[in-house]
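> predicted model and sequence below, questions to follow.
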Amino acid sequence: MPRWIEWFPSGTVSYIPVVDGLPKAGPPIVLELDEFEAFRLVYYLGLSQEEAAARMGVSRGTLWRLLSSARRKIAEALAETRPLVISPQGGGENG
């Protein structure tokens with residue numbers, strides 16, 4: 001069943017950490033579009049998990065798994081100062 005995703009980048013979006021004024025290179029962590037959308041709906045727009053799941057057309061359990069994966073990847077990118085990439089095509093290393 002297709003998932004409804006409102007925010008869809010026209011290209012790859014990258015968040016590159018800067019350490020001592022210089023961009024830090026490293027293998028990127030790729031956040032899948034559905035993970036990003038779940039994260040955006042719950043933590044940015046403030047929807048409940050039930051509301052976000054309904055908006056995306058997924059079960060609450062699926063939304064929970066997407067949120068869990070997104071949180072882990074974002075935490076890993078911050079803790080390891082690795083680039084975080086959101087790509088409409090996906091691919092790359094996923095933590």
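Looks like it arrived, so ask away.
> which residues of this structure fall in strands?
13-15, 18-19, 22-23, 29-31, 84-86 (DSSP state E).
> now distance to Arg65, mean pLDDT and mean neighbour count too, for these, in CSV please.
Heads up, the C-betas are built off the backbone N, CA and C, glycines and all. As requested, those are arranged in CSV below (distance: least, C-beta to C-beta, whole Å; pLDDT from 0 to 100; neighbours: other C-beta atoms under 10 Å):
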stretch, distance to Arg65, mean pLDDT, mean neighbour count
strand 13-15, 22, 90, 13
strand 18-19, 32, 92, 8
strand 22-23, 32, 91, 8
strand 29-31, 14, 95, 23
strand 84-86, 18, 94, 19
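> would you mind giving those as a markdown table with distance to Ser68 added?
Supplementary listing: the strands of the chain in a markdown table, determined by distance: least, C-beta to C-beta, whole Å:
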| stretch | distance to Ser68 |
| --- | --- |
| strand 13-15 | 20 |
| strand 18-19 | 28 |
| strand 22-23 | 29 |
| strand 29-31 | 13 |
| strand 84-86 | 16 |
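> any weak-confidence spans in this structure?
Low-confidence segments of the chain, defined by pLDDT under 70, are located at 1-2, 7, 89-95.
> just want the most central residue of the chain.
Centroid-nearest residue in the chain: Phe36, 3.1 Å away (criterion: C-alpha atoms, centre = their mean).
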